[in-house]
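> below are the sequence and a predicted model; questions follow.
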Amino acid sequence: MISTILPALSAEFNEQPIRSFLLTLLLIPLTYLILNEYVRRAARIKGFSGPPNWPLVGNIPDIKYNAAEKYRQWSKIYGDVYQMQLGNIPVIVVNSAEAARKIFGQHSQALSSRPVFWTFHKVLSNTAGTTIGTSPFSDSLKRRRKGAASALNKPSIATYIDHLDVETRDFVKDGFESGQAGKKGVDPMPMIQRLSLSLALTLNWGTRMVSRDDPLFHEITEVEEMISKFRSTTGNLQDYIPILRLNPFSGGSMKAREMRDRRDVYLTRLNKDLDERMAKGIHKPCIQANIILDKEASLNKEELTSISLTMLSGGLDTITTLVQWSVALLAQRPDIQEKAIEAIRKYYSDEEPLCDAQDDQKCEYIVALVRECLRYYCVLRLALPRATVKDIVYEGKLIPAGSTVYLNAWACNMDPKIWHDPEIFRPERWLEQPDAPLFTYGLGYRMCAGSLLANRELYLAFIRMLNSFKIMPKSEVDTHPVRGSADPTSLVTMCKDYEVLFKPRNEKALKEALRRSDERKGVGKA
Ligand code: HEM
């Protein structure tokens, strides 16, 4: 048959070259579309229903904005667990507390991997550039997780209290000074970014970020923010539509490479500075130095860099955006601030605005307030995507090894079977139901390794900020977690820019507390 078709085609080309050329131009993409459609359909996971989807792109156009909320709405039609398709890749989405417990809780090991994305893993990162949170399962990941887990467990955190003390104190001082004691509006975002970054640098490299005027502050926050965008599960079309990877001028890939190069510069500088201090014997104890000196840690250079990156980026976009949303809400809710002050007064007077840095979350209302902020402003709404390494059977249906699974932490936090009023911001719910599940840190084997540190950091920052200031709105901002999102396509949800007034509750006591604390710690020590 081919022996008759080929000569016929060849004759057609010779007789009608332009028509044949145009026809070929049309036929190639059409053939690709048909073949790809076959591949896409074959990839679907049997037995799981889900929303209808488009050829080539699947459900990408449907979930471009506020994906987690769209998934939550779909769960009302297709059930708690359904599948949708991003380009060629089918994804199982888990939307309720009960289903999350059954799938992520009972199959922890089976869900121990992360999917590999073209832009992030193949263009942006090599092993050294991949954080623990974005690494697929491997022996190297197990070693890196072990290193990070021992640096982030309870006994280790107890040794970081001095650092938490200095950084949260400087956060309050920044609010007081840049806000001119409540007279000038301030944007709290850079303040909290400095806190998070300085803590990460101290814990990891033994060096502080004293001021937000430092050019390194701008470089790291800008690059890490851009890199976080490349981790967007919907922003990079070439991740799901293989043919787009052939485009050598892809703006996404070029930008990703530029960010990788810029990140390499500051990582090399931070590592080199620490090496020099270690060689001179003047370094401060820190995670990198501990691992380098630990002969049994058996981590290679790439793995060490991966841990540094994890420590650097782990709290940078999560803690910062959470505090940004929370301060905006508190400014608009004087009633919650009053309740917080009433609860704080059981332990600290207004003469002690900085409270006690050693306080391990004894004020129950502040603990409840932090948990409610984490629930309501679940910043990583789809946690981090998981890949299965073994088959899972859920309600008689098979999720085969190698599948991608999303935990819709946002929907689980809003589960009406757990809460009768999930849409309302109400810290008291955590006093009424202290054992209720919180999904913001994920679930199972790959759950957030930094949650204990984050909780302690948030508690101290909140109690000090609330006992030092009455927070008042300076500009308007929508604090609704969906409507108010500044970039509804982003992996990490943040609110729009705004300003607040930090009015000291007792200015004299605050000045004195900051002065005494400066004296004790040595102001601005790097
Ligand atoms: C409010 C602050 C934070 C939030 C909301 C948060 C949230 C998350 C989430 C949702 C995951 C994925 C969990 C999963 O797949 O089930 C994760 C992973 C991770 N987080 Fe956090 N995180 C926060 C702060 C931190 C901090 C401060 C650190 C470290 C300094 C950290 C280190 C990690 C690490 C190492 C992982 C990867 C775990 C793994 O893949 O094995 N996180 N985080």
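Structure received.
> quick one: contacts for Tyr266?
Leu216, Glu219, Ile220, Val223 (CB atoms under 8 Å, 6 or more residues apart in numbering). Backbone N, C-alpha and C define where each C-beta goes, glycine included.
> and Pro90, by the same measure?
Pro90 touches Ala43, Arg44, Ile45, Gln83, Met84, Ser403, Thr404, counting by CB under 8 Å, 6+ apart.
> so which of those residues are in strands?
By the criterion of DSSP state E, membership of these in strands covers Gln83, Met84, Thr404.
> could you pull up the residues touching the closest residue to the second one other than its chain neighbours?
Closest residue to Met84 in three dimensions, ignoring its sequence neighbours and counting by CB to CB, 6 or more residues apart in numbering: Asn59, at 4.4 Å. Contacts for Asn59 (CB under 8 Å, 6+ apart) come out as Pro51, Asn53, Met84, Gln85, Leu86.
> could you measure from the third one over to Lys229?
Met84 sits 22 Å away from Lys229 when distances are taken as CB to CB, to the nearest Å.
> can stretch 447-461 be said to contact the ligand?
Yes - contact between stretch 447-461 and the ligand, assessed by CB under 6 Å from any ligand atom, occurs at Met447, Cys448, Ala449, Gly450, Leu453, Ala454.
> that older thread, now render the contacts of Pro90 as JSON lines, adding neighbour count and distance to the ligand.
Listed next are the contacts of Pro90 as JSON lines, based on neighbours: other CB atoms under 10 Å; distance: CB to the nearest ligand atom, whole Å:
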{"residue": "Ala43", "neighbour count": "14", "distance to the ligand": "23"}
{"residue": "Arg44", "neighbour count": "14", "distance to the ligand": "24"}
{"residue": "Ile45", "neighbour count": "18", "distance to the ligand": "20"}
{"residue": "Gln83", "neighbour count": "24", "distance to the ligand": "19"}
{"residue": "Met84", "neighbour count": "25", "distance to the ligand": "19"}
{"residue": "Ser403", "neighbour count": "24", "distance to the ligand": "15"}
{"residue": "Thr404", "neighbour count": "22", "distance to the ligand": "12"}
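> tell me where this protein has strands.
Using DSSP E, strands in the chain cover 81-86, 89-94, 386-387, 392-394, 397-399, 404-407, 469-473, 500-504.
> dump these to TSV, plus mean pLDDT.
Compiled in TSV, the strands of the chain are given as follows (pLDDT from 0 to 100):
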stretch	mean pLDDT
strand 81-86	96
strand 89-94	96
strand 386-387	97
strand 392-394	97
strand 397-399	98
strand 404-407	97
strand 469-473	98
strand 500-504	98
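> could I get those as CSV with distance to Gln288?
Listed next are the strands of the chain as CSV, based on distance: least, CB to CB, whole Å:
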stretch, distance to Gln288
strand 81-86, 37
strand 89-94, 36
strand 386-387, 28
strand 392-394, 37
strand 397-399, 39
strand 404-407, 31
strand 469-473, 35
strand 500-504, 35
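> which residues touch Ile103?
The contact partners of Ile103, taken as CB under 8 Å, 6+ apart, are Val81, Val94, Leu111, Ile392, Tyr394, Ile399, Val405.
> okay, now the fourth one: neighbour count?
Spelled out, that is Ile392. 20 (other CB atoms under 10 Å).
> do you know how far the residue located most distally from the centre of the chain is from the ligand?
Here the chain reaches farthest from its C-alpha mean at Glu15, the gap being 60.5 Å by CA atoms, centre = their mean. Separation of Glu15 from the ligand (CB to the nearest ligand atom, to the nearest Å): 61 Å.
> neighbours of Lys102, how many?
By other CB under 10 Å, neighbour count at Lys102 equals 17.
> touching, it and Val393? I think so.
No - Lys102 lies out of contact with Val393 (CB atoms under 8 Å); the separation is 10.4 Å.
> okay, now Ser475: neighbour count?
Neighbours of Ser475 (other CB under 10 Å): 13.
> ok, now which ones touch it?
Listed by CB under 8 Å, 6+ apart, the contact partners of Ser475 are Gly185, Tyr498, Glu499.
> which residue packs closest to the last one, ignoring adjacent ones?
Read that as Glu499. Closest residue in space to Glu499, ignoring its immediate chain neighbours: Gly185 at 3.3 Å, by CB to CB, 6+ apart.
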